[in-house]
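Student: Task: produce atomic coordinates for the following.
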Amino acid sequence: MRTYELMFISDPRVPDEDVIAMTEDIQGMLTANGGEVIRVEQWGRRRLAYEIDKLKEGKYTLLYLAGEDGQIPIGEVELRMRQNDRIVRYLTVRTDLDLKRAGLPQPTEAGPEPETTEGEATAEGGTAPTRSAATPAASAEKSAAGAETPAGGGATTTGGGATATEPAEGKE
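Tutor: Next up, the predicted model:
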């Protein structure tokens, strides 16, 4: 099941009845193929972060959507919003992947994703950070003395939530 958030900003000069009618038209397009509109929020008139077409305010509307792959015609809805002069901006965000990354339960048929361990390749193409080769005695001496490493005086590596500082070569 895929979930989306669809927000659009309409021209503030458009009457509220027309904004409601636009929202109902969009809902009709989304539910025609079996998609589901979970919730609609009318945020009302709000100040824009920056001026768009000499407008400083807009009427915000947020729709929460759900449906199986291919049931929600996002492309068609975005095309209609792009052609509508009364809609200033719009944005559609797929949220089911964010919920999956956050570890919240998702009704999917596939099993959990494999986790990477230290030293394995990550999605960025690099390797996962590993622990440094600093000895426990050296770490205990530094923490007991309360010495801080000056800027550029040592390299810090992280791995597994721990931080270790290695002394720079030639400096003691």
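Student: what number of residues lie near Trp43?
Tutor: By other CB atoms under 10 Å, the residues close to Trp43 number 12. Where C-beta positions appear, they are placed from N, C-alpha and C, glycine not excepted.
Student: Not counting sequence-adjacent ones, nearest residue to it?
Tutor: Using CB to CB, 6 or more residues apart in numbering and skipping the chain neighbours, the partner closest in space to Trp43 is Tyr60 (3.7 Å).
Student: Give me the buried stretch members for the helix or strand hosting the one you found, please.
Tutor: If you go by DSSP states H and E, Tyr60 is part of strand 55-67. Buried residues in strand 55-67, counted by 16 or more other CB atoms under 10 Å: Glu57, Gly58, Lys59, Tyr60, Thr61, Leu63, Leu65, Ala66, Gly67.
Student: C-terminal to it, what's the next element?
Tutor: Using DSSP H and E, the next helix or strand after strand 55-67 towards the C-terminus is helix 74-83.
Student: got the contact list for that following helix?
Tutor: Helix 74-83 has contacts (CB atoms under 8 Å, 6 or more residues apart in numbering) with Tyr4, Leu6, Phe8, Asp25, Ile26, Met29, Leu30, Ile87, Tyr90, Thr92.
Student: Remind me what the host helix or strand of the second one packs against, helices and strands.
Tutor: Read that as Leu6. Remark: Leu6 resides in strand 2-10, with elements defined by DSSP H and E. Applying 3 or more CB pairs under 8 Å, 6 or more residues apart in numbering; DSSP states H and E, one finds that strand 2-10 contacts helix 16-31, strand 36-52, strand 55-67, helix 74-83, strand 87-94, helix 96-101.
Student: okay, the ones you listed, which one's buried deepest?
Tutor: Mean neighbour count (mean count of other CB atoms under 10 Å) peaks for strand 55-67 among those, with a mean of 18.
Student: low-scoring stretches of the protein, by residue?
Tutor: 104-172 (pLDDT under 70).
Student: and Gly34, what does it touch?
Tutor: Going by CB under 8 Å, 6+ apart, Gly34 touches Gly67, Glu68, Gln71.
Student: If we use 6 Å, what do you get?
Tutor: Gln71 (CB atoms under 6 Å, 6 or more residues apart in numbering).
Student: any idea how far Gly70 is from it?
Tutor: Between Gly34 and Gly70 the distance is 9 Å, computed by CB to CB, to the nearest Å.
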